[in-house]
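J.: Below are the sequence and a predicted model for it; my questions follow.
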Amino acid sequence: MGTGEWAIDRHAMIESYLPTGATVLPFLGLLLEMPMPVRVLVTDDDPATLAFYGVLLEDAGYCCVLHQGPHLDVTEVAQVAPDLMIEDWVVGGQTGYQTLSRVRHAPETAHIPIVVCSAAGAQVHTYDEWFANQGVMVIEKPFDIDLLLERVAVLLDGASV
């Protein structure tokens, strides 16, 4: 996806919280006190898997940004401004090492918790030490749904697993 496709219409986002027919200005103070939904960026090359993540995470109360295709660059990740990333390790034949390494080293994205969910066990395990050093959590596919949701909640709370 091109960079322009990640633009967020903040006015439309604010209006989505308002009752039908309400305007933004009378509710601005109330909106500032409302918690914003936690945004999870999910990258996977399989549309069915992305749809599954979307349903699972949105049912759990998270706002999902789903990306099918190649790994995003740091600029695109920063524009999405996720609270957490879930990445398939191998997307389009490429591992996510370069992307995740850049995300970890860029000041604007270094704080984002990352979960790698992948069926590429052998490829993933060659990076176990790097994952541990970078605070990246790995969950192998197929995974237990409750385990994924538990780990997402723990990472968003800032605790370690």
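T.: Good, I have the coordinates. Residues are numbered from 1 along each chain as shown.
J.: L41 versus V80, what's the distance?
T.: 5 Å (Cβ to Cβ, to the nearest Å). The C-beta positions use only the backbone N, C-alpha and C, and glycine is treated the same way.
J.: Can you pull the residues that touch both of the two?
T.: V65, L72 (Cβ atoms under 8 Å, 6 or more residues apart in numbering).
J.: lowest-pLDDT helix or strand in this protein?
T.: Using mean pLDDT, DSSP states H and E, helix 28-33 stands out as the lowest-scoring helix or strand of the chain, at a mean of 49.
J.: Do you know the pLDDT at the residue most central in space within the chain?
T.: Note on the chain: the residue nearest the mean C-alpha position is L41, at 2.3 Å, using Cα atoms, centre = their mean. L41 carries a pLDDT value of 95.
J.: which stretches of the chain form helices?
T.: For the chain, helices defined by DSSP state H occupy the ranges 10-15, 28-33, 47-59, 74-80, 97-105, 121-125, 128-134, 145-156.
J.: Need those helices in JSON lines (columns: mean neighbour count and distance to I114).
T.: JSON lines is the format used below for the helices of the chain (neighbours: other Cβ atoms under 10 Å; distance: least, Cβ to Cβ, whole Å):
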{"stretch": "helix 10-15", "mean neighbour count": "11", "distance to I114": "24"}
{"stretch": "helix 28-33", "mean neighbour count": "9", "distance to I114": "29"}
{"stretch": "helix 47-59", "mean neighbour count": "14", "distance to I114": "14"}
{"stretch": "helix 74-80", "mean neighbour count": "18", "distance to I114": "10"}
{"stretch": "helix 97-105", "mean neighbour count": "18", "distance to I114": "6"}
{"stretch": "helix 121-125", "mean neighbour count": "13", "distance to I114": "13"}
{"stretch": "helix 128-134", "mean neighbour count": "12", "distance to I114": "8"}
{"stretch": "helix 145-156", "mean neighbour count": "15", "distance to I114": "8"}
